[in-house]
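Trainee: give me coordinates for this.
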Amino acid sequence: MTSTTARALVVPRNGDSSVLEVQDVEVSPPGAGEVQVEVAAVGVNFIDVYQRQGVYPLPTPFVSCSEGAGTVTAVGSGVTDVAVGDRVAWGSGLGAGATVVNRAADTLVPVPDGLDLDVAAAAMLQGMTAHYLVNSTYAVGPGTTALVHAAAGGVGQLLVQMVKAKGGRVVATAGSPDKLEIARRLGADAVVNYRESDDLAAQVRDANGGNGVDVAYDGVGKATFDASLASLRPRGLMVLFGGASGQVPPFDIQRLNALGSLFLTRPTLGSYTATREELLERGTSVLRDLAAGRLALEVGGRYPLADAAAAYDDLEARRTTGKLLLVP
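Mentor: Numbers count the residues shown, from 1 in each chain. Next comes the predicted model:
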């Protein structure tokens, strides 16, 4: 098998979205333990932004994006559980932003029949993130009250649905009436417009009968961090899983004491998919729920690789709802 020429979204140097370039790259035949995939769709995520900016340092140049789905076109030696023609998806590992990629076979999750590949691509990183947040970081159950920030965003919409499916109660925040309505439609019990709030924590507590919430799921970061802490009940858990508004600066951990012996965690998907078994359990659960209609996912926009900068500008400005995709 000979090398293949692919079109790829390259970060030649750290910077804003203007540094992104679409280039021709050579993709070698899949090596041992690898498969080659014709990519149908690529997820647009904030981790791509952090890598491009250098917040998460990587040697440049590199091919951007970590999430995608497509069809296997070739299989390397030693691969026994993936075959040519299989539809697969993945949620981590750099280099997804291309028309053709080589992937380690043990990073792939099979896509169920009846589920579109673009939906599978949209679901992997954010779907598995929401899955570990409600099942493992904090085991949501009947009686749990969760604060979900950016509830109309990709992870936020899935969090609202998953918390409700486990019998929990959701106080959702978003930045516009339209986005609040999305959260309500997905099952949020109470909604708060954080852009119109002088005291976000007080409004969250009011929405919860004057009490603090059990867990705060915060992927916004700098703009909401203090309010999230102040929204918690004593011994509540603050889950900071992203920084859409910027990274949270260092702070005095004695604040956790003063606010009621709070817990704080900064999780990442890799720690919750550290084994093949855990990856398959989370990925398969999310994709099966989507295929069966138990979980809904909104694709908020599809962009060709050439318009990737516009996709990231829209994401960073929070002008969108749901999940954004690049379509090679």
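
Trainee: ok, A172 - how many residues close by?
Mentor: By other C-beta atoms under 10 Å, 31 other residues sit near A172. In this view, the C-beta of every residue, glycine as well, is placed from N, C-alpha and C.

Trainee: now the host helix or strand of it: mean pLDDT?
Mentor: Using DSSP states H and E, the element containing A172 is strand 169-174. On average, the pLDDT along strand 169-174 is 97.

Trainee: likewise for stretch 192-212?
Mentor: For stretch 192-212, mean pLDDT rounds to 94.

Trainee: and for the strand holding A172, what are the contacting residues?
Mentor: With C-beta atoms under 8 Å, 6 or more residues apart in numbering as the test, strand 169-174 has contacts from 143-152, 156, 159-160, 163-164, 180, 182-184, 187-194, 200, 204, 207-208, 213, 224.

Trainee: now a ChimeraX select for only the buried ones of those.
Mentor: A single ChimeraX command selects the buried members of the contacts of strand 169-174 (16 or more other C-beta atoms under 10 Å):
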select :144,145,146,147,148,149,150,151,152,156,159,160,163,164,180,182,183,184,187,188,189,190,191,192,194,200,204,207,208,213,224
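
Trainee: may I have stretch 236-246 as CSV, with CA atoms only?
Mentor: Output of stretch 236-246 as CSV, limited to C-alpha atoms (Å, rounded to 0.1, in the frame of the first residue of the first chain):
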residue,chain,number,x,y,z
GLY,A,236,-20.4,20.3,47.7
LEU,A,237,-18.2,19.5,44.7
MET,A,238,-16.9,22.1,42.2
VAL,A,239,-16.1,20.5,38.9
LEU,A,240,-14.1,22.8,36.6
PHE,A,241,-13.8,20.9,33.3
GLY,A,242,-13.0,23.7,30.9
GLY,A,243,-12.2,27.4,30.5
ALA,A,244,-14.4,28.9,27.7
SER,A,245,-14.1,32.4,29.2
GLY,A,246,-10.4,32.0,30.1
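
Trainee: can you flag which of the contacts of strand 169-174 belong to helices?
Mentor: Counting by DSSP state H, the contacts of strand 169-174 place G156, L159, V160, V163, K164, L180, I182, A183, R184, L200, V204, A207 in helices.

Trainee: leaving aside the residues next to it on the chain, what's closest to L279?
Mentor: Counting by C-beta to C-beta, 6 or more residues apart in numbering, T273 is the residue found nearest to L279 once chain neighbours are left out, at 4.2 Å.

Trainee: actually, V204.
Mentor: S231 (4.2 Å).

Trainee: ramachandran coordinates for the one you found?
Mentor: phi -90, psi -10 (degrees, to the nearest 10).

Trainee: with H131 instead?
Mentor: phi -60, psi -50.

Trainee: how about it, nearest residue that isn't a chain neighbour?
Mentor: According to C-beta to C-beta, 6+ apart, the nearest residue to H131 is R282 (4.8 Å).

Trainee: roughly how far apart are the most centrally placed residue in the chain and L295?
Mentor: By C-alpha atoms, centre = their mean, the chain has its centre lying nearest to Q126, at 2.8 Å. Per C-beta to C-beta, to the nearest Å, Q126 is found 11 Å from L295.

Trainee: what of I47?
Mentor: As judged by C-beta to C-beta, I47 and L295 stand 22 Å apart.

Trainee: spatially nearest residue to D16 (excluding sequence neighbours)?
Mentor: Q53 (7.5 Å).

Trainee: tell me how many other residues surround that neighbour.
Mentor: Q53: 16 neighbours (other C-beta under 10 Å).

Trainee: contacting residues for it?
Mentor: N14, G15, D16.

Trainee: so which of these is the closest to T60?
Mentor: Nearest to T60 among the contacts of Q53 is N14, at 6.5 Å by C-beta to C-beta.

Trainee: ok, back up a step: can I get the contacts of Q53 in a markdown table including pLDDT, secondary structure and neighbour count?
Mentor: Formatted as a markdown table, those follow (pLDDT from 0 to 100; DSSP: H, G, I helix; E, B strand; the rest coil; neighbours: other C-beta atoms under 10 Å):
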| residue | pLDDT | secondary structure | neighbour count |
| --- | --- | --- | --- |
| N14 | 98 | coil | 14 |
| G15 | 97 | coil | 13 |
| D16 | 97 | coil | 13 |
